[in-house]
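A.B. asks: Got a sequence here, can you build the structure:
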Amino acid sequence: MNRLNTYAVAVVMSLCGAQAASAADAVVVPPEAPSVVESQRWALQVTPYVWAAGLKGDISPFQRAPTIGIEKSFSDVLSDLNFSGFVNVWGRYDRFVVSGDMMYVDTTESHAYGNLPPLPIAIPSGTVVKGDVDSKQFMATLQAGYRVVDTPKFTLDALGGIRFWHISNDVTVSALGLSRSYGESFNWVDPVVGTRALLRLTDKLSLQAQADIGGFGAGSELTWSVLGTVNYVLTDHLSVSAGYKALHVDYDRDGYVFDSRLNGPVLGVTYRF
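C.D. replies: As a prediction, the model looks like this:
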């Protein structure tokens, strides 16, 4: 019963433009007003998105509890879902860029009976029990970097930062008309480095790819993520995107194991300020 559920990713895009002026007898290019220049140097966008991720891996949700192999499709995860939220924030000033990607997932799984991990709950041997496991996960990837390639058709950003994980699990066991609860949580921080590329095919259509890798034993042994999307501009402030995202982490420390891979399609809506 101690399978940990999650659906653990994000989409971003950007636009740029230019202005010019001319006179009848001679070409004159007036200087742009300071407010216009500043607005072109700044860019900010927010993308809430849906990630239809499946889950596969090995997890020990309680310290020194048995490690459990899990493999769940998105529909399996969805059936246990209480709440989830995914959002990506991206900003730029001149050629300096920042990026934030956050997810929160709350799931509950119930069993009429099953193998429970060793818990400090006094239950007579052989008793049939009902157990509910409530799992909450929060992940945030925060990065900053520099735009190394900046052309009207193609941009490339070099990024570096951290990925923070917080996992909490609460189990409620009911038997013989009584119930007891027990919970544990753990968290860690990984350094990550990555890149982000955007290719404009037309004024409205673009392709985006983003990837990072990290961990290196500082928190987890290894973590990486990849994202690819097709983006379409609807208005000056609104666009939509669809693609595929995968996120992997291998954490094994102090009796906790969280070695999992989440992957699946993503669909997002971006608002540009």
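
A.B. asks: isn't there a helix covering Val77?
C.D. replies: Yes - according to DSSP: H, G, I helix; E, B strand; the rest coil, the state of Val77 is that of a helix.

A.B. asks: could you show me where the helices are in the stretch 51-200 of the chain, in order?
C.D. replies: For the stretch 51-200 of the chain, the helices defined by DSSP state H, counting those that start in this stretch cover 74-79.

A.B. asks: Which helix or which strand is home to the residue nearest to Arg272 when sequence neighbours are not counted?
C.D. replies: Excluding the flanking residues, the one nearest Arg272 by Cβ to Cβ, 6 or more residues apart in numbering is Gln45, at 4.5 Å. All C-beta atoms are positioned from the backbone trio N, CA, C, and that covers glycine. Assigned by DSSP states H and E, Gln45 belongs to strand 42-51.

A.B. asks: buried ones in that strand?
C.D. replies: Neighbour-count burial for strand 42-51 flags Ala43, Gln45, Val46, Thr47, Tyr49, Val50, Trp51 (criterion: 16 or more other Cβ atoms under 10 Å).

A.B. asks: Report the mean confidence score over it.
C.D. replies: Mean pLDDT, computed over strand 42-51, is 95.

A.B. asks: which secondary structure elements does it contact?
C.D. replies: For strand 42-51, the packing partners by 3 or more Cβ pairs under 8 Å, 6 or more residues apart in numbering; DSSP states H and E come out as strand 81-93, strand 238-253, strand 256-272.

A.B. asks: before we move on, the earlier item: could you single out the nearest of the buried residues of strand 42-51 to Thr270?
C.D. replies: Of all the buried residues of strand 42-51, Thr270 sits closest to Thr47, with 4.3 Å by Cβ to Cβ.

A.B. asks: what's the distance between the closest one and Thr235?
C.D. replies: According to Cβ to Cβ, to the nearest Å, Thr47 and Thr235 sit 15 Å apart.
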